[in-house]
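Engineer: Okay, sequence plus prediction incoming.
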Amino acid sequence: MGKITFTMSKRILKSLASGPATLRYPHEPAKRYEASRGHIEINIDDCIYCGLCSKNCPADAIEVSKDDRTWEIDRFRCIICNSCVEACPKDCLSTSNVYLEPVFSGPLKDRSVGPEPEPEVKEE
Amino acid sequence: MTGRRTVVPFGPQHPVLPEPIHLDLVIEDEKVIEAIPSIGYVHRGLEKLVEKKDYKNYVYIAERICGICSFIHSLGYCQGVENIMGVEVPERAHYLRTIWSEYSRMHSHLLWMGLFADAMGFENLFMNCWRIREQVLDMMEETTGGRVIQGSCKVGGVRKDISVAKLKEMSERIEKTKADVEEINHVFFDDSTVIHRTKGIGYLSKDDAYHLGAVGPTARGCGVAIDIRKTGYAAYPELDFEPVVESGGDCYSRCMVRAKEVVQSADLIRQAIEKIPGGDIDVKVKGNPEGEYFSRVEQPRGECIHYLKGNGKKFLVRERVRTPTLTNIPPLVRMLAGCEMADVPVIVLTIDPCIGCAER
Amino acid sequence: MTIEEQLITEITVESLLEEVKTKSDAGYRLVQIGCTRIEDAFEINYSFEKDYRFENLRVTIGEDVRMPSISDIYWGSFIYENEMHDLYGIGVDGMNIDFNGYLFKTSIPHPFRDAPAVTVKKVPKKMDEENKTSGGEE
């Protein structure tokens, strides 16, 4: 039988004074930092549909079509690893630090359609 | 009444087990005579995926072998590929890898200390350990962008740099975390509740630990001084540290080793921040790996081996991961023989089982 | 940063037990047993360590060769030997704890036994779509 020690008492007093260590999520938004990887965003206006993001994606989540001028991401497959952002030659991809809302069922695909190309120089 | 044996199945679903391991406990009265382990509930075949993902993208899978020591898995894998290909990683990248590895270790040990407190019924201690762990996770997320899966290691270096101002802030905050940890360590070392549940329980002799292949805190708690960080990978050769060794061989010693290692890790982070050189954080890697390498790293749970074999193609031929839990199972079996039935959960937890890791 | 020297000694199946005994007597600890499929053979690495000196014994065997168990020398080797049996289908004689193929419960028996595919191409987009709709993927 060892001696009874009150090793936690100091901590308990501190906790009483300092308030809870947890956040009341979802009433309060979750913590996030500048570097947090929330989700991938695209500025479709600058996209040249080269497909490098799709080739570099380890999860095969991105599909790019040059003909339809679309860029599509499967949010369920995406692991938000930042590879596409690093691969993009036009810097039109970025990682936002906002986490997406949870959903109940898939698939969750986001399709961005680029603007119509500027008409070629008209001849009149 | 002696001689009447009963087999009690323990796991794979058990309140104390975070992951599925099954033990057939042969008991006589309340005493465990023999334990037969069985795993295989979460085999994912991650090793086979190396044949389908190119060697640069496999880092993301290597990282997902385990949710706790994820950074160190990616480090082990990258280090292996780099050594096959003869890539010289910049010094700064080595230091950043070391800093993140040590953060991983702190986070893993604090998580374990919480679970351990929970296993012996000390819920308040569990809560307090995880509160401190949150500070470590915050630092990880601020510097890498991920709380648990950092994704900051790549073949040829690291993907994210830490600014000088941030490093300074980190070194100040780590001191605060260290003070908090020391306060909680005092509970683990001196509290009568903890001592009652751990001292003299789950004894493993030094010889047994060595010959059964125990690694990490399981081995160091028995007086075997094996710490793969001493082989000098990453920036460890430039840092001053000695492996934490306890000679008790019981649950209490293994707990002490981990508790002391958290403080040691905080110290290593401070040292690394002081010594970190400037310069690049990555080099461009061209070509494909050809050759083989056994890459050894020290994870929070012990020595982990990534064996890589490439044949000059984009896809590696083989990656074999030997995780610390797999090799700590035979020592666990030996520890369980002769213990009391009520102590089984505590003993199982002292090897810090990570079955997802063990089965890949 | 130091790069560890890779010490690999090629040995035959017959001399395995003898070599392992020598290692055990010299005070080495068993680090791991790992298997690799190479074309029509298996390469089995037995790794040992003493004072941070890392050494390997390598046995190359054909498809139908059975291995002797080293569990008499290293008690803890049963976990690797059962793994070798369950994932690669290599028979091991004389294990101290034999799980008879139930250590790893895989849906396909011996999933790692087949030689790796020579070329693996990314699934074309069209097929990928089909797979997803039919639920064939993963």
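Structural biologist: Received the coordinates, thanks.
Engineer: For the stretch 251-360 of chain B, which segments are assigned as strands?
Structural biologist: Shown for the stretch 251-360 of chain B, the strands assigned by DSSP state E, counting those that start in this stretch span residues B:290-299, B:302-311, B:318-322.
Engineer: again but with chain C, I slipped
Structural biologist: C:7-11, C:29-38, C:41-50, C:53-61, C:67-68, C:92-93 (DSSP state E).
Engineer: Buried residues of the second one, list them for me.
Structural biologist: Yep, that's strand C:29-38 we're talking about. In terms of neighbour count (16 or more other Cβ atoms under 10 Å in any protein chain shown), strand C:29-38 has its buried residues at C:Arg29, C:Leu30, C:Val31, C:Gln32, C:Ile33, C:Gly34, C:Cys35, C:Thr36, C:Arg37. (Glycine included, C-beta is placed from N, CA and C.)
Engineer: and of the strands of chain C, who's closest to chain A?
Structural biologist: Nearest of these to chain A, taken as Cβ to the nearest Cβ: strand C:29-38 at 23.9 Å.
Engineer: what does the closest one rub up against?
Structural biologist: B:210-211, B:213, B:303, B:305, B:307, B:309, B:317-318, B:320, B:322, B:327, C:42-50, C:54, C:60, C:70, C:74, C:76-77, C:80-81, C:83-84, C:87-88, C:90, C:112-116 (Cβ atoms under 8 Å, 6 or more residues apart in numbering or on different chains).
Engineer: what angle do that strand and strand C:53-61 make?
Structural biologist: Interaxial angle, strand C:29-38 versus strand C:53-61 (axes from the mean of the first three to the mean of the last three Cα atoms, to 10 degrees): 40 degrees.
Engineer: out of the strands of chain C, nearest to B:Val42?
Structural biologist: strand C:29-38 (19.9 Å; Cβ to Cβ).
Engineer: That closest one pairs with which strands, and in what direction?
Structural biologist: With DSSP bridges as the test, strand C:29-38 is paired with strand C:41-50 (antiparallel).
Engineer: quick one: contacts of the partner strand?
Structural biologist: By Cβ under 8 Å, 6+ apart, strand C:41-50 touches B:294, B:305, B:307, C:8, C:16, C:20, C:23, C:26-37, C:54-63, C:67, C:70, C:84, C:88, C:90.
Engineer: how close does the closest residue to A:Leu93 other than its chain neighbours sit to chain B?
Structural biologist: Counting by Cβ to Cβ, 6 or more residues apart in numbering or on different chains, A:Leu93 lies nearest to A:Val85, which is 4.7 Å off, once chain neighbours are set aside. A:Val85 is 10 Å from chain B, where distance means Cβ to the nearest Cβ, to the nearest Å.
Engineer: Which of the contacts of strand C:41-50 are buried, as a ChimeraX select command?
Structural biologist: Those of those that count as buried under 16+ other Cβ under 10 Å are selected in ChimeraX with:
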select /B:294,305,307 /C:16,20,23,28,29,30,31,32,33,34,35,36,37,54,55,56,57,59,61,67,70,84,88,90
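Engineer: what about the residue nearest to A:Leu93, neighbour count?
Structural biologist: Each residue near A:Val85 was counted by other Cβ atoms under 10 Å in any protein chain shown, and the total is 19.
Engineer: which SSE is it in?
Structural biologist: helix A:83-87 (DSSP states H and E).
Engineer: With B:Leu25 instead?
Structural biologist: strand B:22-28.
Engineer: Verify the stated contact: B:Arg105 with B:Arg301.
Structural biologist: No. Under the criterion of Cβ atoms under 8 Å, B:Arg105 makes no contact with B:Arg301, lying 9.7 Å away.
Engineer: Please enumerate the helices of the chain.
Structural biologist: Since no chain was named, I'll use chain A. All helices of chain A, identified by DSSP state H, fall at A:9-18, A:52-56, A:83-87.
Engineer: looking at chain C here, not the other one
Structural biologist: Here chain C has its helices, by DSSP H, at C:16-25, C:78-88, C:125-134.
Engineer: Show the contacting residues for the residue positioned nearest the centre of chain A.
Structural biologist: Geometric centre of chain A, nearest residue: A:His39, 1.1 Å, by Cα atoms, centre = their mean. Applying Cβ under 8 Å, 6+ apart, we find A:His39 in contact with A:Arg75, A:Cys78, A:Ile80, A:Thr95, A:Ser96, A:Val98, A:Tyr99, A:Leu100.
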